[in-house]
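[1] okay, sequence plus prediction incoming.
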Amino acid sequence: MLLAEGLGAKLGGRSVLAGVDFEARPGEITAIVGPNGSGKTTLLRRLTGDLPGPGLVILDGDPLASLSPRVLAQRRAVLPQATAVGFPFTLREVVAMGHAAGASAHLPGIVEAALAEVGLLSKIDTPFQDMSGGEQARGHLARVRAQVWAPVHHGRPAWLFVDEPVAALDIGHQLQVMGVLRRFARAGGGVVAVMHDLNLTAMNAARMVLMEGGRITAAGRPPEVMTAPLLSRAYRCQLCLNTAPNEGIWLLPQAASPA
Amino acid sequence: MTEASLAAPLPRAPRPGHRLPAAAVTAVLLVILGLSAVASLSLGASGIRPWEIWSRDLSPSERAILFEIRLPRLLLGLLVGAGLAMSGALMQGLFRNPLADPGLVGVGAGAGLGAVLAIVLGGLLPLGLQTALGTHLVPVSAFAGGWVAVLVLHRVAHLRGQTSIATLLLAGIVLSALAGAFTGILIFIADDAQLRDLTFWGLGSLAGASWAKLMAAAPIVLAGMALTPFLARGLDAMALGEAVARHLGQPVERIKRGAILAVAAMTGAAVAVSGGIGFLGIVVPHILRLAIGPGHRLLLPLSALFGAALLVAADTIARLVVAPAELPIGIIMALIGAPVFLWILLARRGQLEV
């Protein structure tokens, strides 16, 4: 269980996050959605401890600040929006860095398995810098998966914090990546994901929070949050929601019009 | 969603197939190191022939040349070469940039200022401190100067875990200019004996090698080297940025502090005894990354090996080409190093703002 209370953050002297309470449960994907600049990434960075500020984050009973980087790395992995690799490391070496940092570091074959999961096994010896943007995004996903390979370790859930994991991907790979996250959650792991794509959120998230101007304005199951009034106000455009084919919600950009 | 449909043609062919086995590279470097060491000991202005070292009894003057001139010079060359090359690899890892070199970004100049400060103003120190430090005063002071320079550089050029190469090089130019100005002032107020010391020191060569110099610099360089095994994995992770390195469980701040200390120690002591030799820190790690890949666990020790071999070889050439005179070794290193620097620069032109 991830619990956070009263989170705030300032960037350049300006308050970009204030009084945010947040909770996420293992076994499901919790999505953070909202318009550009609403504080989604800032909230994620407060939850991972990358950004200082007021508030308390408790990961499975332990205050985040009380855990050393080494211990933390064995319990959760973080996937930022984009990560440039500074030297010509190969895909295998990059994924191995994740594997070596995690709780399953002693188990063999995980680098290969994590790459197979994202369909990049054939590129294992390619220099990371030579891969396309989409391949790099999936390569980094394999890296964080190799770090928290077991969704549950010694009875304690492992966590994945991901910031727009599908941003650089085509629709096929979007589904593939969401599948990886969903399977991780279904097996007992916890996933907190900043999402831009509302359809993928509706399809995959068990719970979601909607952010506006550095605050959470709605939280709950997708059908509760993804209502036309809430979304239209947050995204400042008239949105039309629909349900099909089996209770899933979907959104029709063609039906959108400027506010 | 098949792999084939996604496989866009890559701009470059995958390279790791061309990586060489580390054991073979190590063996080759050891052979080169051995050859340059033998050449350095046996070749030179005096008439000792290589094969004579072992084959006949040497005269006392020949023994003196071997043991009082060439041997300390060889050992100093190994120490300085290993220290500078390792410093380069460390700085590049710290700044995530293959163009960071202690000589080019002002660390050498800072260390130089420290050394000059010690030569000119060392007499003003309390006598107790002077005797305590003894011959270590100049290298220790150079270490401090280099340390301040790396700290300033890190503050200026490093923003949110990223380094802009433009800021880095510009900050280096400013640091070098500033250190140069202070050095100039110190030279202005130096007396004749100190000026002689300064001139001798500033030659940028191993010509003044002696056992005393070696003993003064060795502990500091070796202490810096001893830190590096603890930094290797952290530097690997930092290639993905400081935040990611932290997520990978690395104590990033401790690694940065350690790397800065090690660079300052190795560069400072090397500059204190050799006057600063540029480009070694760029050429050696760059070639090694092409050969064995960028992983620091191999890169750091092999940089030491390769740097030592290269500097001793360059020094031997410097002594031979215009014998009995000597070419400053800095000229040789610049002839090798400047083109390599340009080559990296051109290859990275598209992505300089990494």
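    Alright, I've got the coordinates.
[2] can we go C-alpha only for contacts and neighbour counts from here?
    Fine.
[3] grab the nearest non-local neighbour of residue 104.
    Let's take chain A. residue A:149 (6.6 Å; Cα to Cα, 6 or more residues apart in numbering or on different chains).
[4] I was after chain B.
    residue B:172 (6.6 Å).
[5] for the helix or strand harbouring that neighbour, buried residues please.
    Using DSSP states H and E, residue B:172 falls within helix B:165-189. The neighbour-count check on helix B:165-189 (16 or more other Cα atoms under 10 Å in any protein chain shown) flags B:165, B:168-173, B:175-176, B:178-180, B:182-183, B:186-187 as buried.
[6] repeat for stretch A:234-243
    Buried, per 16+ other Cα under 10 Å, within stretch A:234-243: A:234, A:235, A:238, A:239, A:240, A:241.
[7] ditto for stretch A:121-139
    A:121, A:123-132, A:134-139.
[8] can you get me a residue count around the residue of the stretch 51-200 of chain B at minimum distance from chain A?
    Of all residues in the stretch 51-200 of chain B, the one sitting closest to chain A is residue B:96 (5.4 Å; Cα to the nearest Cα). Using other Cα atoms under 10 Å in any protein chain shown, residue B:96 has 27 other residues around it.
[9] show me where the stretch 51-200 of chain A has helices.
    A:69-75, A:91-101, A:110-117, A:133-147, A:171-186, A:198-204 (DSSP state H, counting those that start in this stretch).
[10] can you lay out the ones you listed as JSON lines showing distance to residue B:43 and mean pLDDT?
    Listed next are these as JSON lines, based on distance: least, Cα to Cα, whole Å; pLDDT from 0 to 100:
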{"stretch": "helix A:69-75", "distance to residue B:43": "53", "mean pLDDT": "94"}
{"stretch": "helix A:91-101", "distance to residue B:43": "44", "mean pLDDT": "96"}
{"stretch": "helix A:110-117", "distance to residue B:43": "52", "mean pLDDT": "96"}
{"stretch": "helix A:133-147", "distance to residue B:43": "53", "mean pLDDT": "96"}
{"stretch": "helix A:171-186", "distance to residue B:43": "64", "mean pLDDT": "95"}
{"stretch": "helix A:198-204", "distance to residue B:43": "73", "mean pLDDT": "91"}
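[11] which among those helices is found nearest to chain B?
    helix A:69-75 (3.9 Å).
[12] tell me what the closest one is packed against?
    helix A:91-101, helix B:242-247 (3 or more Cα pairs under 8 Å, 6 or more residues apart in numbering or on different chains; DSSP states H and E).
[13] got TSV for the helices of the stretch 51-200 of chain A, with distance to residue B:155 too?
    Formatted as TSV, the helices of the stretch 51-200 of chain A follow (distance: least, Cα to Cα, whole Å):
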stretch	distance to residue B:155
helix A:69-75	23
helix A:91-101	27
helix A:110-117	36
helix A:133-147	29
helix A:171-186	38
helix A:198-204	41
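[14] chain center to the helix or strand containing residue B:35, what's the gap?
    Assigned by DSSP H and E, residue B:35 belongs to helix B:22-42. Counting by Cα atoms, centre = their mean, to the nearest Å, helix B:22-42 is centred 18 Å from the centre of its parent chain.
[15] near chain A, anything from it?
    No - with Cα under 8 Å from any Cα of the partner chain as the criterion, chain A is not reached by helix B:22-42; the gap is at least 15.2 Å.
[16] measure the residue nearest to residue B:239 when sequence neighbours are not counted to residue A:143 for me?
    Nearest residue to residue B:239, sequence neighbours excluded (Cα to Cα, 6+ apart): residue A:86, at 4.6 Å. As judged by Cα to Cα, to the nearest Å, residue A:86 and residue A:143 stand 16 Å apart.
[17] which of those two has more neighbours?
    residue A:143 (28 against 23).
[18] on that earlier part again, test my guess that the residue nearest to residue B:239 contacts residue B:99.
    No - with contact defined as Cα atoms under 8 Å, residue A:86 does not reach residue B:99; the gap is 11.8 Å.
[19] and the stretch 251-354 of chain B, which residues reach chain A?
    B:251, B:293, B:294, B:295, B:354.
[20] try 7 Å
    B:251, B:293, B:294 (Cα under 7 Å from any Cα of the partner chain).
[21] could those residues go into CSV alongside pLDDT and neighbour count?
    Converted to CSV, these look like this (pLDDT from 0 to 100; neighbours: other Cα atoms under 10 Å in any protein chain shown):
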residue, pLDDT, neighbour count
B:251, 92, 17
B:293, 92, 26
B:294, 94, 24
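[22] Serialize those residues to CSV and add fields for distance to residue A:16.
    Output for those, formatted as CSV (distance: Cα to Cα, whole Å):
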residue, distance to residue A:16
B:251, 28
B:293, 41
B:294, 38
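[23] could you check how many residues crowd around residue 27?
    Assuming you mean chain A. Neighbours of residue A:27 (other Cα under 10 Å): 23.
[24] that answer is for a different chain, and I need it for chain B
    The number of residues near residue B:27, taken as other Cα under 10 Å, comes to 11.
[25] distance check, it against residue B:36.
    14 Å.
[26] also residue B:190?
    For residue B:190, the distance to residue B:36 - Cα to Cα - is 38 Å.
[27] next, the residue of the stretch 151-300 of chain B found nearest chain A: phi, psi?
    Residue nearest to chain A within the stretch 151-300 of chain B: residue B:249 (3.9 Å; Cα to the nearest Cα). Dihedral angles of residue B:249 (phi, psi; degrees, to the nearest 10) stand at phi 90, psi 10.
[28] surely it touches residue A:69?
    Yes - between residue B:249 and residue A:69 there is a contact at 4.3 Å, judged by Cα atoms under 7 Å.
[29] can you give me the strands for the stretch 151-300 of chain B?
    B:158-159, B:162-163 (DSSP state E, counting those that start in this stretch).
[30] mean pLDDT lowest for which of these?
    Lowest mean pLDDT of the strands of the stretch 151-300 of chain B: strand B:162-163, a mean of 60.
[31] so where's the chain shaky on pLDDT?
    Picked chain A for this. The model of chain A has pLDDT under 70 over residues A:243-248, A:250, A:253-259.
[32] my bad, chain B
    B:1-18, B:45-56, B:159-165, B:200-205, B:348-354.
[33] would stretch A:37-45 count as contacting chain B?
    No - if you take Cα under 7 Å from any Cα as the test, stretch A:37-45 misses chain B, and the best it gets is 10.1 Å.
[34] next one: that stretch to chain centre, how far?
    The answer for stretch A:37-45 is 12 Å, by Cα atoms, centre = their mean.
[35] buried set for it?
    A:38, A:39, A:40, A:41, A:42, A:43, A:44, A:45.
[36] chain B: which of those residues is nearest?
    Out of the buried residues of stretch A:37-45, the member with the shortest distance to chain B (by Cα to the nearest Cα) is residue A:45, at 10.1 Å.
[37] number of nearby residues for the nearest residue to the closest one once chain neighbours are set aside?
    Here the nearest residue to residue A:45 in space, its sequence neighbours aside, is residue A:51; by Cα to Cα, 6+ apart that works out to 5.5 Å. Close neighbours of residue A:51, defined as other Cα under 10 Å, add up to 16.
[38] run a quick neighbour tally on residue B:198.
    18.
[39] how near is it to residue A:42?
    54 Å.
[40] tell me the residues of the stretch 1-150 of chain A that contact chain B?
    Counting by Cα under 7 Å from any Cα, the stretch 1-150 of chain A sits next to chain B at A:69-70, A:72-73, A:77-78, A:83-89, A:97-98, A:101, A:125-127, A:130.
[41] now swap in the stretch 151-259 of chain A and tell me
    residue A:172.
[42] quick one: the strands in the stretch 151-259 of chain A?
    Under DSSP E, counting those that start in this stretch, the stretch 151-259 of chain A gives strands at A:152-153, A:156-157, A:159-163, A:190-194, A:207-212, A:215-220, A:237-238, A:241-243, A:249-251, A:257-258.
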